[in-house]
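1. whatever this is, show me its structure:
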Amino acid sequence: MIPPQSSSFSISDQEFNMFHNIDRTLYSLLVVDLWRDPVEALRFVALWLWLERVGFRHVVKKILSLPYVLINELADEAFVCLNLVHNDEVSTPALANDVPLMQNLLHSDLCLRFFAENRDVATRGLAKITTEVCRRVFRDIMQVAIERNTAARSLEQQKQHVQVQQLQAIVQPGLAQVVGHGPINTRTNEVVPAGDRTMFVTFSKGYPVQEWEVREFFTRLYGDCIESLHMQEVMPNEQSLFALIVCYSTSTVEMILNGSGKVKFNINGKHVWARKFVPKNRHQPS
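-> This next block holds a predicted model:
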């Protein structure tokens, strides 16, 4: 609910934030505790507030009563709903998936078809709530989250740089005892260095991918193509954010990347990005 406003008086930021305290609590949970993207999280809360405005009662309050893992799943469902609202190329009859968590939460038959059939109303309503409420009431939390994420990414990049250098030794030419001599290039009758047959894959923070999932995914699509797979080493309660995949041949790497510099895959509902691995400090011919 949005507090009434008139031209005769204005509501201070403090008063406005107090009125939307429960919404701020949910947004903070998404971006601070669950590490969701601050801009996406704002859109999720806007969607839930819009649902309240069109007749679904106490959506935010009900979401806050759930454990974090279910709130995270609801955020994923909200992402699907928003994508449907802003994508008019999806036809209503083609909607096969549903939003079971949202249905259970609201005790209704709410489904994706509802968002498809009410795109125009939803688009206008979401724009209004985003402009009049969310951007104002979440502004300070968003700023803190963005600064925290930027600092965390910087530290993670430094850590990854060190670990990539450590893993790099595994795929460098000359370490035959670790990766073997590698396959022969039949055209030149030369050994193909492991570094030329390696992909660097990255995973989204908050969506842990296991080694067996990566192996199963690429093996299912491309056959027995992996010579070795090296996940980022982390503590037991942490997730790997990248891995190095050494393929048996350069042609497999080329087939997987399909001429692109970076390719996005979906492994069991989790986004994975792959690109050609470029060994650091490789000797360049003069």
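2. touching stretch 197-216 from outside, list them.
-> Applying C-beta atoms under 8 Å, 6 or more residues apart in numbering, the contact partners of stretch 197-216 are 34-36, 72, 164, 171, 182-183, 226-227, 229, 231, 239-250, 252-253, 256-257, 267-277, 279. From N, CA and C alone the C-beta is placed, and that goes for glycine too.
3. how about the helices of the stretch 101-250 of the chain, start to end?
-> Secondary structure of the stretch 101-250 of the chain (DSSP state H, counting those that start in this stretch): helices located at 112-117, 119-129, 135-137, 139-171, 176-179, 211-222, 250-257.
4. please check the contacts of stretch 197-216 and keep the buried ones.
-> 35-36, 72, 164, 171, 182-183, 226-227, 229, 231, 239-250, 252-253, 256, 267, 272, 274, 276-277, 279 (16 or more other C-beta atoms under 10 Å).
5. which of those fall within strands?
-> 226-227, 229, 231, 242-247, 267, 272, 274, 276 (DSSP state E).
6. give me the neighbour count for residue 104.
-> Neighbour count of residue 104, defined by other C-beta atoms under 10 Å: 11.
7. mean confidence score for stretch 25-34?
-> For stretch 25-34, mean pLDDT rounds to 92.
8. then stretch 212-224?
-> 91.
9. cool, stretch 145-158 as well?
-> Here the average pLDDT along stretch 145-158 is 77.
10. okay, now the unreliable bits of the stretch 101-250 of the chain?
-> Scanning the stretch 101-250 of the chain for pLDDT under 70 picks out 156-191.
11. can you do 50?
-> 174-182, 184-190 (pLDDT under 50).
12. distance of residue 41 from residue 62?
-> Counting by C-beta to C-beta, to the nearest Å, the gap from residue 41 to residue 62 is 17 Å.
13. looking at those two, which is more packed in?
-> Neighbour totals were compared for residue 41 and residue 62, and residue 41 leads with 26 against 16 (other C-beta under 10 Å).
14. and that one, how far from residue 219?
-> Taking C-beta to C-beta, one finds residue 41 at 35 Å from residue 219.
15. residue 247 now?
-> Counting by C-beta to C-beta - residue 247 and residue 219 are separated by 11 Å.
16. who touches both of the two?
-> In contact with both residue 247 and residue 219: 225-226, using C-beta under 8 Å, 6+ apart.
17. where's residue 72 relative to residue 206, distance?
-> For residue 72, the distance to residue 206 equals 8 Å [C-beta to C-beta].
18. between the two, which contacts overlap?
-> Common neighbours of residue 72 and residue 206 (C-beta under 8 Å, 6+ apart) are 34, 36.
19. how close does the spatially most central residue of the chain get to residue 26?
-> What sits nearest the mean C-alpha location of the chain, by C-alpha atoms, centre = their mean, is residue 204, with 4.9 Å. According to C-beta to C-beta, residue 204 stands 21 Å off from residue 26.
20. for the stretch 1-150 of the chain, which segments count as strands?
-> Taking DSSP state E, counting those that start in this stretch, the stretch 1-150 of the chain contains no strands at all.
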